[in-house]
Structure formats: C-alpha cells, structure tokens
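Participant: fold the following, please.
(chains A and B)
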Amino acid sequence: MLVKLAERNVKRQLGNYLIYFATVMLSIAMMFAFCNLIFSEQLSEIALKSQGISSGMTGLTVLVSVVTAFVLSYASSYMLKLRKKEFGTYLTLGMKRGDILKIFTCETLLIFAVALLCGIAAGAFISQGLTALLCMLMGSEVGIASYNLKGLALTVALAAGMFIFMLVISSGYLRKVSIHELLLAEKSTKKIKHTALLGVATVIGFAVMSASFFGIYYGTKVSLKQDSATPLLLYMFTMSVGVFVFHSCFSASINAVLLKNEKLKSRLTNTFLFRQLSDKVGVNSAMLGLIALLLVFTVMGTNLCFTEKVMKQAVLDRETPFDVTARFNVNSEHGISIEEGERIIEKYSPIAAKQSYSLWTSGKNDLGKGIAGTDDEATDSYMSLSDFNAIITLNGFEPVTLENGCMIITQYTSIASSEILDREVTLNGKTYQVESSSMIYPLYSYVFFYAVVPDEAIAGMEPETNYVAYDLENDHYDAFALSDELTWQRRAEDGHYEEENDFNLREYARLESDAQVGVLVIGAMYAAVVFICMAFAILSMKTLSSLDDDKKRYELLFRFGVSPDGLRRTLFKQLFFYFVIPFAVPFIISLPTGLALADLMKLMALPALAPGMITVSAVIAAVFTAVYLLYFFITYGIAKKNIFSGLYS
Amino acid sequence: MKSNLVIENLTKYYGSGSVVTKALDGVSFEVEQGSFTAIMGASGSGKSTLLNCISTIDRPSAGDIRIEGKSITQLSENELSVFRRDRLGFIFQEYNLLDTLTAGENIVLPLNLRKTDAAETRKSLENVAGLMGIADILDKFPREMSGGQRQRVACARALITQPAVVLADEPTGALDSANSRQLMKTMQRMNTELSSTILMVTHDAVVGSYADRVLFLKDGKLWNEILKGERTREEVYADILAVTASLGGESDVG
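Facilitator: Numbering: from 1, shown residues only, chains lettered A, B, ... in the order given. Model prediction:
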C-alpha cells in the first residue's frame, strides 16, 4: 500500500520533481563518467608514472561527492517543504511517522534508483566524451573508452552514501516536526535589520573584493619574481572574504535600499517585486554569498587550468626546441656515445637533419659576477655567432648580427635587465661590450645565461658542452621505449648507480606534459560542471519550493488587475534578479582574469599566447552562461506553469 | 437611481460532453449605485460562480454583465485586467493581503498598478487609513496584525481606487463574532458615508442582515429577494432565517 502511494506520488508530482531528479541524475552521471575514467586503461598508464595524479583524481571525486551530498540533502529538504501539507494530512488521518518516513524513503529510493540508472547511462556517454577529450589533450589516439566494474562500483557506493546521508537528514526532520507546523505554520519573513550597517559592509566587501582581484594580478607577478606564493595566497584569502561579505550584505540590504526610493517603489508592481526579492534574497543572503564564492573559484580555477594547458605547449616549445637534443659535457663520463645514440634513435625514426653547436668557457666570470640570480662560482659561457644563427634559424628566428659586441641570452628577467648590460669582457685581447640581452630564444643550453660572441672571440677557448640537435622524420613514436634505450647507469661516488640520459626527447616531454595537463583540465572541468550545476540547482530548488506561496500572491495581483503579461514580466524579473546576484561577479571577473592571464603570458616571455588567454576566458564565460541560462529558463518555465496554470479563464 | 451593475440572463456551465453542471441558470438582477446587496444561498447554489463572473475571474457561458453601462463579457484578457484594476474593489474571506507587503504597501498596490503619482498615492492612503482607523499599523506586515485589522486593511485597499463596485466574498468567514460585527459596521459606513456600491456573498444570516437587499440563489437560479426598506436589522435577520429555512436551512444562524 505504502509503496503504491509512493509510486503514485512520484508520478503525480513529476513536474516538481524535475529539478530534483535532474540534479541527482546529473551528479551521478558526472560521478560515473569520472570514476570510470579514474580506473580506465588510459589513466592507469599515467597513474603508474605519477601517483599524485591518481590520488588527486580520487580526492577530487570525494570532494565533489561531499559537496553533492550536501546539495542533495538540501534538495530533500526542498522536497519535504513541497509536501508539508500532504504529510500533515497523513499525520492528521492517523498515519504513523514511521509510515510517512517509509513513504518518503520509498519515493526517494524510487527517484534515486531511476536517477542512478539514467545517470549511469548518461555517464556512459559522458565517459566516452571525457576519455576522447583526455586522449586529445594527451595527444594520443582517440578510441572507444572501455567500462570497468571498479568505476561502476565506486559510483554506486558514492550514490548510496549520498542517499543514506540525505535520508538521515530528512528522517531527523520528519521525526521532530509537529502537525501544526506541517499544516498551519505561517511562514515567517525575517525583517532585515541594520540596513545602514549592511550597506557599509557591502561597500567594504566590494572594495576588499576589487582590491584583492588587483592584488591577485600583481601578486602573481611578484610571486613569479620572488618565487614565493605567500602574497598570492593572502590575496586569495582576502578575495574569498570580500566576495562572501559583498554578496551576503548586498543581498540582505539591496531591497531595503530600493524600497526607500518612493518613486521607484510606487511604479506598477515594483513594491511587490522588491518585497518578493527581499523575502527570497534577504533571508538567504549567506547562502547566496557562498554560492557566489563557489562560482568565483570555479571560474578562476577553470581559467588557470586551461591557462596551464596553453602554457605547457609554449613551455614545451621553449624547453625542447628540437626533436632530440644530445648534450655532452666534456668533463663528464657518457655511457652512450653520439654515434651509438644515433643508431638507437634511427630504430624509432629516421634522422632528417642534424646540427651541432657548442658552449665555450673562458674559465672566468667577468660577466656574471655579482649578478642577482646567477651562481658566483659558475664561469661565463659563450656561443659563437655562427652556431647561434644556425640553431635559431632552425626554430624560425631571423639570424642576428653583432656590432663588435656580444649579446646575453637568458631565460631570467632578473639577469636580462641587470647591470650585466653595462659590462664588457676581453677575449683574445679584444674587448666586447654587452650590446643587448634577449629572453625570446628557446632553451638551447642549461646555464643561467650565455653570451653570443663573434666567432673569433672563442678561438683558443675550451669547449664546455657539445650539443647536437636532431630533426626526426617521425613526430610521434614510442618515446618511452626510446628514452629507456638511451638511459644508462652511472656509478656515483657513494657506490650507488644513477640513471643518466644525455638525449633530451621532445616527444617524451610532450607525452608527460600532456598527460599531466590532460588530467588537470579534465579534473577542473569536472569540478566546474558539478559545482556550477549544484549552485544553480540550489537556486532553482529554493525558487520552486516556495511556488505555492508565490501562486497565491500572483493570483491576488491578477485579481487587482495586473495583466497576464504584467504578471509574467514581474515573475521573470523576480527570478532573474534572484539568479543574477551570485552569477554576475563570477561572470564579470572572467574578463579581468583573461586580461591578467594575457598580461602574465607577456611577462613570462610568451606574448604569442596572450590573445589565447582572452579566448579561453571568453569560452569559459560562455559555457558558464549557457549552464546559467539553462537552469534559469527551466526554473522560470516550471514556475510560470505552476503559478499561472488555471489563473486565466 | 442609476444601476451600477446589470446582470442579464447569466448562465454558466462547467464540464463538457455528457458531464455538464449548470452552475448559473439565467440569473438576472440590477444593483443600484450606492446600494449594499447581499447574495445568499446554500453551498453549491452558485454564489461564488456569480461573484467570480462579476469579478471577471471567470467567463460566463451566456448572458451579459454590464458595469457602469459597459458590457464586460466580451473584453479581452488585458482589457479585463485594466477593468478590474480601475473599476472593481475586492474584499476576500482570507483577507488576501500579500504577506510580503506591509499594510500601507498592500493598500496602495492598486494605485501603483495604475501609475498614480507618489504624492497623490500618499494623500489617498492617509485619507483611507484615517477612515478605517488603521493609520498606526501601516508599517506592519499582515502576520503582525489581528484578524480584524487585516480585514480593515483589505477594506481600505478595496476603497482606495473609488471603484464602481466593491465585491466581498464571505468577508467575515475568517473572523470571530466581535470582529465580524466590527467589519460589517465598517462596510455599512463605506456604503452610507462614501456611497460605495457593495455586492457581498455570504452564507451568514447575521452578516446578510446588514445589507439593504438580500438575493437568494438556489440551484443556480435567483429564488427569492428581501428588501430592508425601513425595517430594522433584526426584522431583516428574522426574514433571512425564514427564507433560509425554506431553502433547506443550510445557512448559519449565528
């Protein structure tokens, strides 16, 4: 009997259950897709190489599950509110609380079971997309993702955990609530007090929030220069406080401010609108503050992860300028000679071209002495102009010329703009003044800096390191196997053996970097989608749970002569403002975030990436807006249907 | 005297096909300007349907309703909204005050809807609040007021636009006897001092006895009529009880 009642209830109230069902289903779908990915073959290969990635992914799933469980327990309280009168009637008719709990459990279980099945089915599709995306990000071949029992078991276990958590919260409420409260309790609208104080706090919150955004931007620059994350973390903290205080106090006080404006207030349904907003926004101000904070972090986090993706490519181009770079320090022993190495490489790909170049040393430190960011013990390194031009032209740069001086090549701002620019060095009896410094060239050698000098200047010098740059015919090959073959063991002074590899493989670096970035981006996207959906689901459920009260209010407005169009407009504005409050700042910060990241790219000597950063931010903002609009219009559609159905004859 | 409201052969069916209920069956009557008319009848007699049709919330199946000479049965949805806003006042059983608005905001809502300027709105509010004795509770929310206060606020809201007809649907339904008496006296004052035309639906004989004229509905038809004339309220009350008894005795006699 109770099961039948529960089944009929679910069928009858399908419309009200829609957002609830969609939220549960989407959470499970995302969870299944992600759990499946965690245990997939593609990722287990990467996880073998990096334990951090695997535990990071599991940690993320647990974090998302905790957030989801909270949202779902909130969702169940929404369901209880919708059914208050019905449960009150059951109790009045003599039904025991235990029986009502059974009905509610049966219903929720029914919804959960269907949502679990639909979620897993949807998750299976999403999983294909996620795996394909991961393969694309990792530069590996896109194939059909396999499903695994471990992922399914973890999803079912997490869903069961969420269900039990939700049930405990709901049963606690149902055991305690009185019949009077269920049937008759008038909803108390809290009066907002201390509006002046709240207004001041809003302004302060806004100032702290804005200052922190600027702080984060400049803090990142400082962090880059000082190699310290402290200022950045400090600004992140003040930004969190600012975002929360601003949104909470703004939500609590804005309507009081609007209601003071007699002219604005007396226009059409404005008083009603402001009071409705006050009823919904004012009393939920802390929740709106938290949602805004969650969304700000989501937007910024997603931006940073995609930036990492774009940046990694550029870093790869800079750090591994050639398909293979062999590096032989003249003072070290080498397990594999150049000839032997070439023979091994050719087993994987024919060599299309090669170019040798060397770094020379004078044995002194005339140029680098006392320069911040250099090692005082290190001697100056030199490269001949002909070698330098030969390798930079391979990377598409124009050859450089020198006017009887030298040019400093470095990767560090602290060296490029230091007093080294005023120095000079005497080689083979001729003095060379430093003409310029440059940071635009890839990493051709692993020294703090080197000076490019005319060929005659290095005559008589000892070579420090000999390099050979190779261009391979195949871009993709089994770089892990090649790297293994090129690795040899060196006996260290303490008797232990250390692995050494004198051949720097671009493909190997790319695979490693892509795997890390792929997992990072997928993780960020996953968290972002779940957080955004959860945030908007809360807003939707909050709106829909008070539809009964709203219906009565709008019915009255209709009686007083507000036209159907006027009613729809008022409802639209009410929902729009409610949804826009926690959405606006996270959306708006996409622009400065994009600009700041673009600026950072320039600072990191990657100016070509700057426009890409703005595009990334714009795409994230667009996706964010699309999810927002989807939830908003679904909520508006359901609210409109519920409030206005049967209103007009 | 001029008729403010004319009902002609009003008919209303509910349902379709073989299951059709005739809620109103050719009802005709006129309500004069400045009169206080009560409509009584047993449950299901058609009282609420009649009031819903007059208040333009429901459309009649046949017949005509004219308010101040204007037929309202053929108006579009938006024209009806404007008509309700400008020419009708409402007092409901459950007060029907918007719980999120203060008393003052509830009262001026109809003026806001017709875009009356702020100064005039304030003046009208002061007048009507003074008349109803609610000037000191204008900043209170409905939940902070007593039942009687809420109903007086509802009356003030019905009066503020000076409507052609004030429609009252079981106005004392949620009040105790003392507050009911108080409200009926207020409505009588609205009728005598402000010349408001009032059409009230009730099933309470005591409440009905405050009206100048009582119409009885039975099975959707106009069945009987009592005119107060020069008689006392008690005499009218006795007449109502007699008619109610012949109707089947379903009206309250408290």
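Participant: would B:Phe29 count as being in a helix?
Facilitator: No: counting by DSSP: H, G, I helix; E, B strand; the rest coil, B:Phe29 is not found in a helix; it is strand.
Participant: now the strand or helix carrying A:Ile415: buried residues?
Facilitator: Element membership for A:Ile415 (DSSP states H and E) is helix A:413-416. For helix A:413-416, a neighbour-count test (16 or more other C-beta atoms under 10 Å in any protein chain shown) marks A:Thr413, A:Ile415, A:Ala416 as buried. Placement of C-beta: from N, CA and C, glycine included.
Participant: is it correct that the last one is in contact with A:Ser437?
Facilitator: By that I understand A:Ala416. Yes: A:Ala416 is within contact range of A:Ser437, at 4.3 Å (criterion: C-beta atoms under 8 Å).
Participant: spit out the contact partners of A:Ile338.
Facilitator: A:Ala326, A:Phe328, A:Val468 (C-beta atoms under 8 Å, 6 or more residues apart in numbering or on different chains).
Participant: does the second one sit in a helix, a strand or a coil?
Facilitator: To tie it back to what came earlier, the one meant is A:Phe328. Going by three-state DSSP: A:Phe328 is strand.
Participant: just the pLDDT at it, thanks.
Facilitator: Per-residue confidence at A:Phe328 stands at 90 (pLDDT).
Participant: gap between it and chain B?
Facilitator: 80 Å (C-beta to the nearest C-beta, to the nearest Å).
Participant: can you check A:Phe633 too?
Facilitator: Taking C-beta to the nearest C-beta, one finds A:Phe633 at 24 Å from chain B.
Participant: so is that residue in a helix, a strand, or just coil?
Facilitator: Classified using three-state DSSP, A:Phe633 is helix.
Participant: A:Pro592 against A:Ile216, yeah?
Facilitator: No: between A:Pro592 and A:Ile216 there is no contact under C-beta under 8 Å: 9.5 Å.
Participant: just to revisit the earlier point, list the contacts of the helix holding A:Ile415.
Facilitator: Under C-beta under 8 Å, 6+ apart, the answer for helix A:413-416 is A:225, A:371-374, A:408, A:410, A:437-439, A:448-449, A:603.
Participant: these, buried ones only, as a PyMOL selection?
Facilitator: Buried residues within the contacts of helix A:413-416, by 16+ other C-beta under 10 Å, are selected in PyMOL with:
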select buried, chain A and resi 371+374+408+410+437+439+448+449
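Participant: and which of the contacts of helix A:413-416 is nearest chain B?
Facilitator: A:Leu603 (52.1 Å; C-beta to the nearest C-beta).
Participant: helix or strand: which one has the closest residue to chain A within the stretch 51-200 of chain B?
Facilitator: In the stretch 51-200 of chain B, the residue that lies nearest chain A is B:Arg85 (2.4 Å; C-beta to the nearest C-beta). B:Arg85 belongs to helix B:77-87 when assigned by DSSP H and E.
Participant: what's next to the following helix or strand past that helix, contact-wise?
Facilitator: Going down the chain from helix B:77-87, the next helix or strand is strand B:88-91, by DSSP H and E. Under the contact criterion C-beta under 8 Å, 6+ apart, strand B:88-91 has outside partners A:559-561, B:55-56, B:67, B:96, B:110, B:151, B:154-155, B:157-159, B:161, B:163-169, B:171, B:187, B:196.
Participant: give the pairing partners of strand B:88-91; include direction for each.
Facilitator: strand B:165-169 (parallel) (DSSP bridges).
Participant: break chain A down into its structural domains.
Facilitator: By the assignment in automatic domain parsing, chain A contains the domains A:1-185, A:200-323+A:508-649, A:324-507.
Participant: higher neighbour count, A:Pro592 and A:Ile216?
Facilitator: A:Ile216 (22 against 15; other C-beta atoms under 10 Å in any protein chain shown).
Participant: flag the shaky bits of the stretch 101-250 of chain B, pLDDT-wise.
Facilitator: Filtered on pLDDT under 70, the stretch 101-250 of chain B yields the residue ranges B:248-250.
Participant: who's sitting farthest from the centroid in chain A?
Facilitator: A:Gly429 (57.0 Å; C-alpha atoms, centre = their mean).
Participant: re the thing from before, could you look up the SS state of the closest residue to the residue of the stretch 51-200 of chain B closest to chain A other than its chain neighbours?
Facilitator: Leaving aside its sequence neighbours, B:Arg85 sits nearest to A:Gly561 (C-beta to C-beta, 6 or more residues apart in numbering or on different chains; 2.4 Å). Here A:Gly561 is recorded as coil under three-state DSSP.
Participant: distance check, A:Ile620 against chain B.
Facilitator: 37 Å.
Participant: centre of the chain versus the helix holding A:Ile415, how much separation?
Facilitator: Relative to its chain's centre, helix A:413-416 lies at 31 Å (C-alpha atoms, centre = their mean, to the nearest Å).
Participant: toward the C-terminus, what is the element adjacent to that helix?
Facilitator: Counting by DSSP H and E, what follows helix A:413-416 is strand A:424-427.
Participant: and that next one, C-alpha only, in PDB?
Facilitator: Extracted in PDB, the C-alpha atoms of strand A:424-427 (Å, rounded to 0.1, in the frame of the first residue of the first chain):
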ATOM      1  CA  GLU A 424      82.300  44.200 -21.100                       C
ATOM      2  CA  VAL A 425      84.600  41.200 -21.500                       C
ATOM      3  CA  THR A 426      88.000  40.900 -23.000                       C
ATOM      4  CA  LEU A 427      88.600  37.800 -25.100                       C
END
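Participant: run the chain-centre distance for the following helix or strand past it.
Facilitator: Going down the chain from strand A:424-427, the next helix or strand is strand A:430-438, by DSSP H and E. Computed by C-alpha atoms, centre = their mean, the chain-centroid distance of strand A:430-438 equals 44 Å.
Participant: could you give me the average pLDDT of strand A:430-438?
Facilitator: On average, strand A:430-438 scores 90.
Participant: and the contacts of that strand?
Facilitator: A:367, A:402-410, A:415-417, A:420-426, A:451, A:453-454, A:456-457.
Participant: quick one: strands adjacent to the helix or strand just after that strand?
Facilitator: Going down the chain from strand A:430-438, the next helix or strand is strand A:449-453, by DSSP H and E. Looking at strand A:449-453 with DSSP bridges, its partner strands are strand A:381-384 (parallel), strand A:405-410 (antiparallel).
Participant: residues in contact with whichever helix or strand comes after strand A:449-453?
Facilitator: Next helix or strand after strand A:449-453 toward the C-terminus (DSSP H and E): strand A:462-472. Applying C-beta under 8 Å, 6+ apart, the external contacts of strand A:462-472 come out as A:321-330, A:338, A:342, A:345, A:348-361, A:363, A:381, A:391, A:394, A:444-445.
Participant: go again with 6 Å.
Facilitator: Defining contact as C-beta atoms under 6 Å, 6 or more residues apart in numbering or on different chains, one finds that strand A:462-472 is touched by A:322-330, A:349, A:351-361, A:381.
Participant: buried subset of those?
Facilitator: A:322-328, A:349, A:354, A:357-361, A:381.
Participant: buried subset of the contacts of strand A:430-438?
Facilitator: A:367, A:402, A:405-410, A:415-416, A:420, A:423, A:425, A:451, A:453-454, A:457.
Participant: counting neighbours, what do you get for the residue of the stretch 51-200 of chain B closest to chain A?
Facilitator: 20.
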